[in-house]
Each structure stands twice: as C-alpha cells, then as structure tokens.
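**Student:** take this sequence and fold it.
(one chain, ligands or ions: 2)
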Amino acid sequence: MRQHRIVLLPGDGIGPEITAVAKLLLDAAGEQHGFRLNFEQHPIGGVAIDASGSPLPASTLEACRASDAVLLAAIGSPRFDALPREQRPETGLLCLRAGLKLFANLRPVTILPALIDASSLKAKVIKGVDLMVVRELTGGIYFGQPKGRIEADGDERAFNTMTYSRTEVDRIAKVAFDLARDRNGKLCSVDKANVLDVSQLWRDRVDALAANYGDVELSHMYVDNAAMQLVRNPRQFDVLLTGNLFGDILSDEAAMLTGSIGMLPSASLASEGPGLFEPVHGSAPDIAGQDLANPMAMVLCAAMMLRIGLKENDAATALERSVERVLAAGFRTGDLMSEGCTQLGCAGMGEQLLQAL
Ligand code: IPM
Ligand code: MG
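**Tutor:** Residues are numbered from 1 along each chain as shown. Ligands and ions are numbered 1, 2, ... in the order given. You can find the predicted model right below:
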C-alpha cells in the first residue's frame, strides 16, 4: 500500500477544529483510494509559544523537512500582539516558509455555483471566475534587509527593504508562466514599475522570460489598477503573478470574490522537498472553540495536498466533489449562510462531508 508522511500543524484559533475535519476526510479518502497517511502533529504559532517560547520550535521544522507534505491550519492570536516580532505567531509561519524554501505560493480562486450569491459582488460580475494568484513567498519586503527601527535626529524611524534579485524573479515567473500554459494561456504580472525600481527589475525579467513562452499571452498591470480590476471585471484574469506584499493583499481581495475567505486553499512550494498547504483564511480567534468555523477551505487544502504534494489525484478530486455536493445539498456554515439553507457547525459540516465522500 502507498504510504505518505504528513505533518499536521493545527496551530491557533479555529485551527484544531478544522484540522480534525480534514484528518477525518483524509483517512477516509486514503481508505477508498488505496493509500495510508501517517500523521504527525506538531505545534506552531501561539500554541508553540505557550509550550516552548518559540513560534516555530526546531522539532517542528525538522519534522516538516522529513515529511512528504505539511498541512497547516492557521496561526495567530491577539494575545501575542504586544510581543517582540521574533516571538509572534506570524514569525513562526514566515520562518517555516523560509526554512522549507517555499518560494511559490499558489492561491486558486474559483466560484462554486452554489455560492454565487454569497459574494458581495453581483453574480454577473463573478460568474465563471477562475483565476490563480501566484505570489512570491520568501522574498520582497517581507524578508528584505536592512530593516528595523532607529532613533535619528531626535525622531524615531522604522524601515523595511523591498528587494528582489533576478534569480528570485525568474524562478517565480517561471512557475507562473508554466501554470498559465497549463491553464488558459494568460499571465498578468502585477507590479508598481511606475514608481519602484524593484518593480522595474521584476517587469524586465518577466518580459525577458516571455521569449520562452510564445504561447502565453503576457500583460503587465500596476498593483493599484489590479486591485480595481479584480472587483470590476475579475473574469479577465487567468494567472496573476505578484511579489510577496502585493500578493498578500490581492489574494485576500480575490478570495472575497468567492463570498467567503473560508473557502480558499493555497499551496506553497519549493524547488524540492515537501510543500505546505494552508487555507488563505486566518485563525479567527473570535469564533474559536465554538464549533462555528467553516472547515471547507481546510478540506480543499487537503485536496490540493493530495493532488500537488502526493500525486493522489483521484482522492483529491473525491474531496473536492464532496465539498461541492454538500454545498449543492444546501448545507452551510455561518459565514456562508443564506435563506433556505441548513446551517451547520464545523463538526456537523465534517460529518456531511464525510457522508458525501
Ligand atoms: C497570508 C497571511 C500571512 C502573510 C501572515 C499571517 C504572516 O496574511 O498567508 O496571507 O502575510 O503572508
Ligand atoms: Mg494574507
């Protein structure tokens, strides 16, 4: 029997609840499709800070490195907002991305027909949207040096550096071009080249690579315009290529096109070694532990992990179908609730998903 080593990182807030649902479905999918998943669970984020003082204990990173794929739920809690940056939950996630060299973050945005009315945009605007945000994840202003806070001339100043090298742009652009080639052949690279030198290098490199992709239709868009176009006419996009910060912002915006950020999975990939699969949403501390969370993004992450990380395509499709079926049958978590539907909690939704599988 095929076996895969999975590290589960439930993390904070609603993380443990949605992880439990994903694990249930993964076990069942494995049984149906002839493979076994060997799970190991490790702390990250706030729970890791509480247990060991570090948001990413060395043992967690080592276990991830030794795995075939990592499934992370969410990190973050307002309890840690006052701590120095090295001791905040978010730093654990950033160190995990850097530690596994996960430079390519893929955030697919598709509209599920059953949820078309859950969006804050008109159905006619979002109908048929199917786009992929490709976000650079281990560079840019998130990691650039120098950074810090200094006292100067009787004032206090803080600064970060937005920096990309040719190599960094080339490798993420290549991921985006390849994806566009496999999808609808359109790539839009987002930058701020009218103002930023780092964006001009970005644009120059993307243009240079385009020579190898004659079959991909390339366009460039300034990030402010892209933010506007995403809500004006999101159907114009196929693959959106962005740096770390712009991708963070645009992917939340793109996620909301679907009606709930609680529906969106993401994959973070390295050139080699395990990928990390995590929902786009956060730890939702306001509803944690109340059985209110929407586990569907996490289940769709599990599907992405099966497909991209473990090459278990049939099981991946089965998980995706179970989400579609449950939605089509009118079951909703609170974030998606609309008239005539049946509202379920996190665990109840898990049971329905399992039945639908
Ligand atoms: C995301 C999140 C993270 C980011 C935070 C939690 C560090 O917003 O994955 O989009 O900014 O990358
Ligand atoms: Mg974000």
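**Student:** quick one, what contacts residue 156?
**Tutor:** 149, 150 (Cβ atoms under 8 Å, 6 or more residues apart in numbering). C-betas here are computed from N, CA, C, even on glycine.
**Student:** equivalent analysis for residue 264, please.
**Tutor:** Going by Cβ under 8 Å, 6+ apart, residue 264 touches 107, 108, 109, 255, 258, 279, 280, 281, 297, 300.
**Student:** hmm, which two among these are most spread apart?
**Tutor:** Distance extremes for these: the farthest pair is 108 and 281 at 14.2 Å, using Cβ to Cβ.
**Student:** more crowded one of the two?
**Tutor:** Between residue 108 and residue 281, counted using other Cβ atoms under 10 Å, the more crowded position is residue 281 (25 against 19).
**Student:** model confidence for the closest residue to the more buried one other than its chain neighbours, exactly?
**Tutor:** Leaving aside its chain neighbours, residue 281 sits nearest to residue 261 (4.6 Å; criterion: Cβ to Cβ, 6 or more residues apart in numbering). Turning to residue 261, the model gives it a pLDDT of 77.
**Student:** quick one: residue 261 and ligand 1, what's the gap?
**Tutor:** Using Cβ to the nearest ligand atom, to the nearest Å, one gets 10 Å for the distance from residue 261 to ligand 1.
**Student:** break down this protein into its helices, ranges please.
**Tutor:** Under the criterion DSSP state H, helices of the chain are mapped to 15-33, 46-52, 58-65, 89-99, 123-126, 166-182, 197-210, 223-232, 244-256, 296-304, 313-328, 346-356.
**Student:** which residues sit in contact with the spatially closest residue to residue 244 that is not a sequence neighbour?
**Tutor:** Nearest residue to residue 244, sequence neighbours excluded (Cβ to Cβ, 6+ apart): residue 140, at 3.5 Å. Residues near residue 140 by Cβ under 8 Å, 6+ apart: 162, 163, 164, 198, 243, 244, 245.
**Student:** still on that earlier bit, lowest-confidence one in the contacts of residue 264?
**Tutor:** Within these, pLDDT is lowest for residue 258, at 85.
**Student:** how near is the closest residue to that residue other than its chain neighbours to ligand 1?
**Tutor:** Leaving aside its chain neighbours, residue 258 sits nearest to residue 111 (5.8 Å; criterion: Cβ to Cβ, 6+ apart). Note on residue 111: its distance to ligand 1, by Cβ to the nearest ligand atom, is 20 Å.
**Student:** residues in contact with whichever residue of the chain sits closest to ligand 1?
**Tutor:** Proximity of the chain to ligand 1 (Cβ to the nearest ligand atom) peaks at residue 90, 4.0 Å away. Contacts for residue 90 (Cβ under 8 Å, 6+ apart) come out as 55, 75, 76.
**Student:** rerun that using 10 Å as the cut-off
**Tutor:** 45, 46, 55, 75, 76, 80, 81, 282 (Cβ atoms under 10 Å, 6 or more residues apart in numbering).
**Student:** quick check, residue 106 in contact with residue 178.
**Tutor:** No - using Cβ atoms under 10 Å, residue 106 is not in contact with residue 178, being 11.2 Å away.
**Student:** what residues are shared contacts of these two?
**Tutor:** The contact sets of residue 106 and residue 178 overlap at 134, 239 (Cβ under 10 Å, 6+ apart).
**Student:** give me the number of residues near residue 127?
**Tutor:** 13.
**Student:** measure it to residue 237 for me?
**Tutor:** Residue 127 is 14 Å from residue 237, where distance means Cβ to Cβ, to the nearest Å.
**Student:** repeat for residue 355
**Tutor:** Using Cβ to Cβ, residue 355 is found at 35 Å from residue 237.
**Student:** then residue 71?
**Tutor:** 28 Å.
**Student:** so between those two, which is more surrounded?
**Tutor:** Set residue 71 next to residue 237 and count neighbours by other Cβ under 10 Å: residue 71 wins out with 28 against 24.
**Student:** can you name the residues of the stretch 151-300 of the chain that neighbour ligand 1?
**Tutor:** For the stretch 151-300 of the chain, the contact set with ligand 1 under Cβ under 6 Å from any ligand atom comprises residue 248.
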